[in-house]
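# Dropping a prediction and its sequence here:
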Amino acid sequence: MSGLPSGPGGQVPDSAAPYKRTPEFTEETVPAGLLREHSTRAGVWGVITVTSGTLRYVIPSTGVDARLDPETPGIVVPEQLHYVAPLGSVSFYVEFWR
């Protein structure tokens, strides 16, 4: 197994590298677009990293309904619809890989 991120949703491929990161969001500052179904573009993976608290991560097409925490990142597959929901106090960011 490589040292690349893996977790609910899959694993970032060996050929990918990070290129961009969002600011850190909280339950009060999470953009509305992340709370409803959305996806990344073709060829773009996302890694959801929780720095404190718990975040629900849902991928309707695969049945994934996971709880992310500082030890469990969420992996976003290119073009796959997903959404997040804060579970109380939380802080997190998303890093994009291609």
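Arrived safely.
# What's the separation between the closest residue in space to residue 77 that isn't next to it in sequence and residue 97?
Spatial nearest neighbour of residue 77, excluding adjacent residues (CB to CB, 6 or more residues apart in numbering): residue 10 at 5.4 Å. Glycine gets a C-beta too; all of them are placed from N, C-alpha and C. Distance from residue 10 to residue 97, counting by CB to CB, to the nearest Å: 12 Å.
# what do you get for residue 86?
When residue 86 is compared with residue 97 (using CB to CB), they lie 23 Å apart.
# same deal with residue 37?
21 Å.
# about what we covered before: what about residue 10 and residue 97, which has more around it?
Higher neighbour count among residue 10 and residue 97: residue 97, with 22 against 17, using other CB atoms under 10 Å.
# Name the residues linked to that one by a beta bridge.
Note on residue 97: beta-bridge partners by DSSP bridges are residue 18, residue 45.
# Let me see the contact set for it.
12, 16, 17, 18, 19, 44, 45, 46, 47 (CB atoms under 8 Å, 6 or more residues apart in numbering).
# Tabulate those (TSV), appending distance to residue 59 and neighbour count.
Shown next, in TSV, are the contacts of residue 97 (distance: CB to CB, whole Å; neighbours: other CB atoms under 10 Å):
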residue	distance to residue 59	neighbour count
12	15	24
16	18	18
17	23	9
18	21	14
19	23	10
44	16	17
45	13	23
46	12	24
47	14	22
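# that older thread, what's opposite the residue nearest to residue 77 in the beta bridge?
Under the criterion used (DSSP bridges), residue 10 bridges to residue 7.
# what pLDDT does it get?
Per-residue pLDDT puts residue 10 at 93.
# Also the one 10 residues further on?
Among the per-residue scores, residue 20 holds a pLDDT of 98.
# Could you list every helix and strand in contact with the helix or strand hosting it?
Using DSSP states H and E, residue 20 maps to strand 18-21. Strand 18-21 sits against strand 83-97, with contacts defined as 3 or more CB pairs under 8 Å, 6 or more residues apart in numbering; DSSP states H and E.
# so what's residue 55 up against?
Residue 55 neighbours (CB under 8 Å, 6+ apart): 48, 67, 68, 69, 74, 84, 85, 86, 87, 90, 92.
# so who does the second one touch?
Shown here is residue 67, whose contacts under the criterion CB under 8 Å, 6+ apart are 54, 55, 56, 57, 87.
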